[in-house]
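Chemist: 3D model of this:
(one chain, ligands or ions: 1)
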Amino acid sequence: MLTQADIIEDGRAVALAWADGRQARFHAVWLRDNALDPATRAPGNGQRLISVLDVPAGTRIASLRLERDGIEVTFAPRHVATFPSGWLAARIYDRDAPSIPGWTGPDIVRWDAASLPVVPGADLATLRADRAALRDWLAAMRRFGVARVRGLGCEPGHVADIAALFGFVRETNYGRVFDVRAVPDPNNLADTNLGLQAHTDNPYRDPVPTVQVLACLENSVEGGGSIVVDGFRAAELLDRDSFALLAGFPARFEYTGSRGVRLRAKRPVLELGPDGELVAVRWNNRSAAAPVDVPYARMEGYYEALRRFAALIESAALSVRFRVEPGEAFVVDNMRVLHARTAFVSGGRRWLQGCYADRDGLFSTLATLEEQSA
Ligand code: FE2
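Modeler: Residues are numbered from 1 along each chain as shown. As a prediction, this is how the structure comes out:
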């Protein structure tokens, strides 16, 4: 609840105070632009009806009234709008900017082998039938960037059922669903019995697939275990100079292993938003191309930074190991969590199927479920 509201700076802003001690200023131009009245936002879909050109540069607050649960603002040029106190509290921007690059928001919990001994999981039937269980499983995906699913069945194609829980399959040149199993003369090193270093998938795409699902149909080999690594945790442990180099210069990724496919992307290993938020990790030894965007004077340092990041990613302390059994799957946030496979002995059979999907659908489904249960 708001306890005080004052016009400040000749009407260019208001200063508000809440009963819980919070205080914040809001600009007149911001309030006018984001007003909630039906002339500013369509009542049905909430979409904006005005553009920034409808908000004059000299917009001021002519008068302000503290109401029971919000404020009523009269602007000049004249327009009247009310703002609920809770709505304003959820949109406070009057605070110090984060000073340390690489921060992440409150929904993300970084983990390592000690803090995440078991990857969270649920049964597919439960996720389909129980919306609270689906909400909690999606929330675990948002928090940790990885989650397991059991009870999928071993028939080909079922991996797409997991994407359908929260969104849509993203089809690529590998198909809607792709196989990962040992084959002679493979297009991709994933299709061998070699161990695969921890990686994010397809950094050579732009935009990169933001979710990957991997389902196990057969696994009777020795070895062939799965490993996941929190790339955000590895970035946090990196020294500041190395972090600045991997975030500050683009890397190059490419895949040209199939006829008619020449995929290339220029993105940093550690991608930051303009406010320093860590938004993505891209790491894939198989598809790393020669870096050509690092100045000569920084290249040796850049390689040292790559070496240090690789050592963190390969470290046992960050590696969470598990074995996916037939009928099980795991899902990773492909902009954060790296996955790896230990080498396996040919002779048995190991058949995984994967598909890509996207985080926007996952977060949208989660937000909808959270609203319903609020
Ligand atoms: Fe992969």
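
Chemist: So in this protein, which helix runs the longest?
Modeler: Counting residues, the longest helix found in the chain (DSSP state H) is helix 296-314.

Chemist: Tell me where the stretch 51-200 of the chain has strands.
Modeler: For the stretch 51-200 of the chain, the strands defined by DSSP state E, counting those that start in this stretch cover 60-67, 70-76, 79-84, 121-123, 146-150, 178-181, 196-199.

Chemist: Grab the nearest non-local neighbour of Gly70.
Modeler: Pro84 (4.3 Å; C-beta to C-beta, 6 or more residues apart in numbering). Every residue, glycine included, has its C-beta placed from N, CA and C.

Chemist: can I assume the one you found is in contact with Asp69?
Modeler: Yes. With contact defined as C-beta atoms under 8 Å, Pro84 reaches Asp69; the gap is 6.0 Å.

Chemist: where does the protein have low pLDDT?
Modeler: 182-186, 346-347 (pLDDT under 70).

Chemist: Now with 80, please.
Modeler: For the chain, the stretches flagged by pLDDT under 80 are 99, 182-196, 223-224, 344-348.

Chemist: ok, back up a step: and the residue nearest to Gly70, how many neighbours does it have?
Modeler: 14 (other C-beta atoms under 10 Å).

Chemist: Over to Phe178?
Modeler: Neighbours of Phe178 (other C-beta under 10 Å): 19.

Chemist: ok, now how distant is the nearest residue to Ala140 once chain neighbours are set aside from Asn193?
Modeler: Among residues not flanking Ala140 along the chain, Pro120 sits closest, at 4.2 Å (C-beta to C-beta, 6+ apart). For Pro120, the distance to Asn193 equals 29 Å [C-beta to C-beta, to the nearest Å].

Chemist: for Arg233, same thing?
Modeler: Taking C-beta to C-beta, one finds Arg233 at 29 Å from Asn193.

Chemist: Pick out whichever of these two has more residues nearby.
Modeler: Arg233 (23 against 17).

Chemist: Look up the closest residue to that one, ignoring the ones flanking it.
Modeler: Arg110 (4.1 Å).

Chemist: correct me, but Pro98 touches Gly273?
Modeler: No. Assessed by C-beta under 8 Å, Pro98 is found out of contact with Gly273, at 10.4 Å.

Chemist: on that earlier part again, tabulate the strands of the stretch 51-200 of the chain (CSV), appending distance to Ser51.
Modeler: Below are the strands of the stretch 51-200 of the chain laid out as CSV (distance: least, C-beta to C-beta, whole Å):
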stretch, distance to Ser51
strand 60-67, 20
strand 70-76, 16
strand 79-84, 15
strand 121-123, 44
strand 146-150, 40
strand 178-181, 43
strand 196-199, 43
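
Chemist: ranking these by burial, who's on top?
Modeler: Of all the strands of the stretch 51-200 of the chain, strand 146-150 carries the top mean neighbour count, a mean of 22, counting by mean count of other C-beta atoms under 10 Å.

Chemist: which other helices and strands contact that one?
Modeler: Packing partners of strand 146-150 (3 or more C-beta pairs under 8 Å, 6 or more residues apart in numbering; DSSP states H and E): strand 121-123, helix 124-129, helix 131-144, strand 329-333.

Chemist: wait, which of the ones you listed is closest to Asn219?
Modeler: strand 329-333 (12.0 Å; C-beta to C-beta).

Chemist: Direction included, what does the closest one pair against?
Modeler: Each strand paired with strand 329-333, and its direction, by DSSP bridges: strand 146-150 (antiparallel), strand 211-219 (antiparallel).

Chemist: Following element in sequence after the last one, please.
Modeler: What that stands for is strand 211-219. strand 226-230 (DSSP states H and E).

Chemist: pretty sure Asp201 is in contact with Gln212, am I right?
Modeler: Yes. Using C-beta under 8 Å, Asp201 is in contact with Gln212, at 5.1 Å.

Chemist: what do those two both touch?
Modeler: Counting by C-beta atoms under 8 Å, 6 or more residues apart in numbering, the residues touching both Asp201 and Gln212 are Asn334, His339, Tyr356.
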